[in-house]
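**Student:** Structure for this input, please:
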Amino acid sequence: MQFILFALPWPITILIITIVVTAVLVYCRKVYHKRLKPENIRRSHDVSAAVYAILGVLYGIVLGLITIQSQERWIDLRDIREKEASAIVSIGQISKTLSEASSKSISHATAKYALEVARTEWDDDRTMSPEASKAFQGVMNSVFNMESTVDRDLLASQTILQLMSNLMEIRVERLNLIQEHVGTLLWVILVFGGLVMTFFLLLFAPEDNRTHTTMIGIVACIVSSVLFLIFAYEHATDGPLQISGEAYTRAAMMIMDK
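**Tutor:** Numbering: from 1, shown residues only. Down below sits the predicted model:
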């Protein structure tokens with residue numbers, strides 16, 4: 001689904017959805033108005049307008065809440081990426097104050113882990129890749145096996161152990177956050193509500209069909225734009241609102257840079 005929606009630039013995608021929905025509704029309007037004369041429809045405009053306003057408020061509240069929830073998840077995922085990359089760099093850089101063997105082991109392990117996360121795990125559709133998990137285990141092994149020969153090494157070791165603990169917590173938080181999505185039931189409610197809001201316009205019959213078509217197009221464009229925004233927030237690692245995994249690649253380069 002995301003490949004289809006993200007294959008084109010987002011303005012073109014929204015425009016296509018709007019045109020398709022508007023065209024379907026215009027056709028339905030012709031069929032509906034043949035069966036029920038526009039004059040008869042206009043007699044119930046007052047009632048239809050009141051009901052449409054109530055439905056619009058209810059649907060707008062649901063749409064707004066889901067949008068805020070998806071945006072907060074997107075922001076949290078972006079912040080977690082920065083925190084995890086920073087922790088990786090900190091461990092790798094501080095390890096350079098240790099003995100040559102420990103420094104080489106930890107630097108190599110942290111750089112490898114950062115690259116594996118960027119290559120195999122930074123994807124909404126995946127939770128925990130075997131490659132990244134193995135690389136993370138390698139970081140743990142190298143940290144817990146590091147040597148402390150002088151007081152300076154002891155201080156660095158304690159700092160690295162604390163950072164390692166933070167990195168473990170951040171990794172778990174990221175993997176849990178990636179699995180949080182708008183559920184199927186909510187998507188059904190959102191899409192069904194959007195269809196109701198657009199198809200409800202068939203209960204109106206302005207004398208000028210062009211005005212009616214414009215109304216349909218505006219509602220279809222607004223609804224499809226917000227739904228597309230929620231979908232883009234939900235797929236944070238690709239699409240127009242992509243959170244790139246380049247932070248992990250840069251972290252690996254900073255660690256290996258001598």
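**Student:** Just give me the neighbour total for Gly217.
**Tutor:** Using other CB atoms under 10 Å, Gly217 is surrounded by 18 other residues. Bear in mind the C-beta positions are built from the backbone N, C-alpha and C, glycine included.
**Student:** repeat for His181
**Tutor:** 13.
**Student:** What's the separation between it and Trp74?
**Tutor:** As judged by CB to CB, to the nearest Å, His181 and Trp74 stand 12 Å apart.
**Student:** residue ranges with poor pLDDT in the protein?
**Tutor:** Filtered on pLDDT under 70, the chain yields the residue ranges 1-7, 123-127, 148-153, 258.
**Student:** Run through the helices of it in chain order.
**Tutor:** In the chain, the helices defined using DSSP state H lie at 2-6, 10-35, 38-42, 45-94, 100-116, 130-144, 151-178, 184-199, 209-234, 246-256.
**Student:** Buried residues, the last one. List them.
**Tutor:** Under the neighbour-count criterion of 16 or more other CB atoms under 10 Å, helix 246-256 has Ala247, Tyr248, Thr249, Ala251, Ala252, Ile255 buried.
**Student:** angle of that helix against helix 45-94?
**Tutor:** 10 degrees (axes from the mean of the first three to the mean of the last three CA atoms, to 10 degrees).
**Student:** One more: the fifth one?
**Tutor:** What separates the directions of helix 100-116 and helix 45-94 is an angle of 160 degrees, with the same axes, to 10 degrees.
**Student:** So for helix 100-116, what gets flagged as buried?
**Tutor:** For helix 100-116, using 16+ other CB under 10 Å, the buried residues are 102-103, 105-116.
**Student:** contacting residues around stretch 28-37?
**Tutor:** Ile41, Phe199, Leu202, Ala205, Asn209, His212 (CB atoms under 8 Å, 6 or more residues apart in numbering).
**Student:** Over to stretch 207-215?
**Tutor:** Thr22, Val26, Arg29, Pro38, Leu201, Phe204, Ala205, Pro206.
**Student:** out of those, what pair is the most spread apart?
**Tutor:** Using CB to CB, those span at most 18.7 Å, a distance reached by Thr22 and Pro38.
**Student:** higher neighbour count, those two?
**Tutor:** Thr22 (20 against 15).
**Student:** if I look at the residue lying closest to the more buried one once chain neighbours are set aside, how far off is Leu15?
**Tutor:** In this structure, Thr22 finds its nearest non-sequential neighbour in Gly217, 4.7 Å apart by CB to CB, 6 or more residues apart in numbering. Distance of Gly217 to Leu15, computed by CB to CB: 10 Å.
**Student:** Mind listing the shared neighbours of the two?
**Tutor:** With CB under 8 Å, 6+ apart as the test, Gly217 and Leu15 reach no residue in common.
**Student:** still on that earlier bit, right, so of the helices of the chain, which gets closest to Trp122?
**Tutor:** helix 246-256 (6.9 Å).
**Student:** and the angle from that closest one to helix 130-144?
**Tutor:** Using the same axes, to 10 degrees: helix 246-256 against helix 130-144 is 40 degrees.
**Student:** which other helices and strands contact helix 246-256?
**Tutor:** Judged by 3 or more CB pairs under 8 Å, 6 or more residues apart in numbering; DSSP states H and E, helix 246-256 is in contact with helix 45-94, helix 100-116.
**Student:** Point out the most buried one among the ones you listed.
**Tutor:** A comparison of those by mean neighbour count, using mean count of other CB atoms under 10 Å, puts helix 100-116 on top with a mean of 22.
**Student:** Can you name the residues in contact with it?
**Tutor:** By CB under 8 Å, 6+ apart, helix 100-116 touches 85, 88, 91-92, 95-98, 129, 131-132, 134-136, 138-139, 141-143, 145-147, 160, 248-249, 251-252, 255-256.
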